[in-house]
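1. Here is my input, please return the structure:
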Amino acid sequence: MFAHIRFTHSSLFARFLSIVLIGALGLGLPALWTTSASAATCAQSYTVQAGDNLYRIGLKYVLAWPRLAEANNLANPRLIFPGQVLCIPAANATPAATVSPAITSTPLPTAQPTAAAQPTQAPGTVPSITILGVTPGVSVTIQTANFPAHKTFDVRMGLNGTSGVNGTLVTKQDSGTGGSFTATYNIPAALKNERVIAIRLESASGYFSFGWFANRGS
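-> Alright, predicted model coming up:
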């Protein structure tokens, strides 16, 4: 077919190439969905499969999904495509907590204004929370693990996808002797009708843990 096409002007050739490129985009070729990331920051790469999302990929490589989004310059972390090649950055030196699939925790990298040392967490003592039960639109019950002793934590709730950052302050919680404790918190009025709610416990000294829970059915 193409053997009989003659181009009498450079502009006609440019239009032909444009048509070919537009046709390729219309076919949604997987090779066109690539992620711009510095090769120097990638420990390895991963090709997105059908049904994948950043949270599941992060679990596979023991990485928080916001770090994957940052490493791949993703403006919309919820928008990835089968065949897209993602940069997998090197894992943090800080050990990750062993938690249920709905829970994620990461050491808080907050810089201090003075030379005072940041509180350190020994391996295996990263704070984590587990959702024990939910009364839709009313309250949520959690159980903690590896919490430091005698620390005051802000309990916050927010929209799904925010990790509870800058969420509504529900109450303050003293960790007591530390380790594990169980607590029930009321759901803020502004979030009572949300399907999924993020919950976060954070202290001024740099410890925090967050997760999410289903509040309403589909």
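2. where along the chain do the strands fall?
-> For the chain, the strands defined by DSSP state E cover 42-47, 85-89, 103-104, 128-135, 139-145, 152-159, 168-174, 182-186, 196-203, 208-214.
3. Least reliable of the ones you listed by average pLDDT, please.
-> Among the strands of the chain, strand 103-104 carries the lowest mean pLDDT, a mean of 55.
4. related to what we said a few turns ago, what's the closest of the strands of the chain to residue 66?
-> strand 103-104 (9.2 Å; C-beta to C-beta). In short, each C-beta sits where N, CA and C put it, glycine included.
5. Quick check: residue 168 touching residue 190?
-> Yes. The pair residue 168 / residue 190 is scored as a contact, 6.5 Å apart, by C-beta atoms under 8 Å.
6. Who has more neighbours out of the two?
-> Set residue 168 next to residue 190 and count neighbours by other C-beta atoms under 10 Å: residue 168 wins out with 16 against 12.
7. list the contacts for the residue lying closest to that one once chain neighbours are set aside?
-> The shortest distance from residue 168 to any non-neighbouring residue, by C-beta to C-beta, 6 or more residues apart in numbering, is to residue 188 (4.3 Å). Residues near residue 188 by C-beta atoms under 8 Å, 6 or more residues apart in numbering: 157, 168, 170.
8. which among the residues you listed gets closest to residue 129?
-> Residue 129 lies nearest to residue 157 out of the contacts of residue 188, by C-beta to C-beta, at 12.3 Å.
9. Pretty sure residue 159 sits against residue 195.
-> No. Using C-beta under 8 Å, residue 159 is not in contact with residue 195, being 10.2 Å away.
10. Give me the more crowded residue out of the two.
-> Legend: neighbour count by other C-beta under 10 Å for residue 159 and residue 195, higher for residue 159 (16 against 11).
11. what sits against that one?
-> By C-beta under 8 Å, 6+ apart, the residues touching residue 159 are 167, 191, 194, 197-198.
12. could you redo the strands of the chain as JSON lines and give each row distance to residue 60?
-> Listed next are the strands of the chain as JSON lines, based on distance: least, C-beta to C-beta, whole Å:
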{"stretch": "strand 42-47", "distance to residue 60": "8"}
{"stretch": "strand 85-89", "distance to residue 60": "9"}
{"stretch": "strand 103-104", "distance to residue 60": "13"}
{"stretch": "strand 128-135", "distance to residue 60": "19"}
{"stretch": "strand 139-145", "distance to residue 60": "23"}
{"stretch": "strand 152-159", "distance to residue 60": "26"}
{"stretch": "strand 168-174", "distance to residue 60": "32"}
{"stretch": "strand 182-186", "distance to residue 60": "30"}
{"stretch": "strand 196-203", "distance to residue 60": "22"}
{"stretch": "strand 208-214", "distance to residue 60": "19"}
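13. so which of the ones you listed gets nearest residue 64?
-> Nearest to residue 64, of the strands of the chain and by C-beta to C-beta, is strand 103-104 at 5.8 Å.
14. Leaving out sequence neighbours, find the closest residue to residue 163.
-> residue 210 (4.8 Å).
15. And that neighbour, how far from residue 50?
-> 28 Å (C-beta to C-beta, to the nearest Å).
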